[in-house]
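Undergrad: need coordinates for the below:
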Amino acid sequence: MLVTEFACKGGATLVLTDFMPIRAGDSSAVVRRLETRGGAVEVEVTLRLMFGYGDIAPWWPQEDGAWLGELGPGR
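TA: Numbers count the residues shown, from 1 in each chain. Reported below is the predicted structural model:
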């Protein structure tokens, strides 16, 4: 788990947490959580997942409000 805190304008703090839950079978996941403390913070996030050392772009289905970056047969 990696937790990084950013001091923002107006005294607010943005807390960024990245972690990988214990694997369920052969799949793995990366979870990114953003939390604000002490006020509102405007945030823009760009995520570009690439597999195979940047040679393979994933397929991006949306499920239950979450985006999933998938790679494998038929994708």
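Undergrad: what sits against the residue nearest to the spatial centre of the chain?
TA: Nearest to the mean C-alpha position of the chain, by Cα atoms, centre = their mean, lies residue 32 at 3.6 Å. With contact set as Cβ atoms under 8 Å, 6 or more residues apart in numbering, residue 32 has these partners: 16, 17, 18, 45, 47. (Each C-beta comes from the backbone N, C-alpha and C, glycine too.)
Undergrad: with adjacent residues omitted, what lies nearest to residue 67?
TA: Spatial nearest neighbour of residue 67, chain neighbours left out: residue 60 (5.8 Å); criterion: Cβ to Cβ, 6 or more residues apart in numbering.
Undergrad: list the residues that contact the one you found.
TA: The contact partners of residue 60, by Cβ under 8 Å, 6+ apart, come to 67, 68, 69, 70.
Undergrad: distance of it from residue 71?
TA: To residue 71, residue 60 is 11 Å away according to Cβ to Cβ, to the nearest Å.
Undergrad: just to revisit the earlier point, from the contacts of residue 60, which is closest to residue 54?
TA: Closest approach to residue 54 among those (Cβ to Cβ): residue 69, at 13.7 Å.
Undergrad: can you check the pLDDT for the closest one?
TA: Residue 69 is assigned 74 on the pLDDT scale.
Undergrad: cool, residue 40 as well?
TA: On pLDDT, residue 40 comes in at 91.
Undergrad: what of residue 74?
TA: pLDDT, residue 74: 59.
Undergrad: repeat for residue 14
TA: On the pLDDT scale, residue 14 is placed at 96.
Undergrad: so how many other residues sit close to it?
TA: Neighbour count of residue 14, defined by other Cβ atoms under 10 Å: 18.
Undergrad: try residue 13
TA: 14.
Undergrad: surely it meets residue 7?
TA: Yes: with contact defined as Cβ atoms under 8 Å, residue 13 and residue 7 form a contacting pair (6.0 Å).
Undergrad: good, we can wrap up now.
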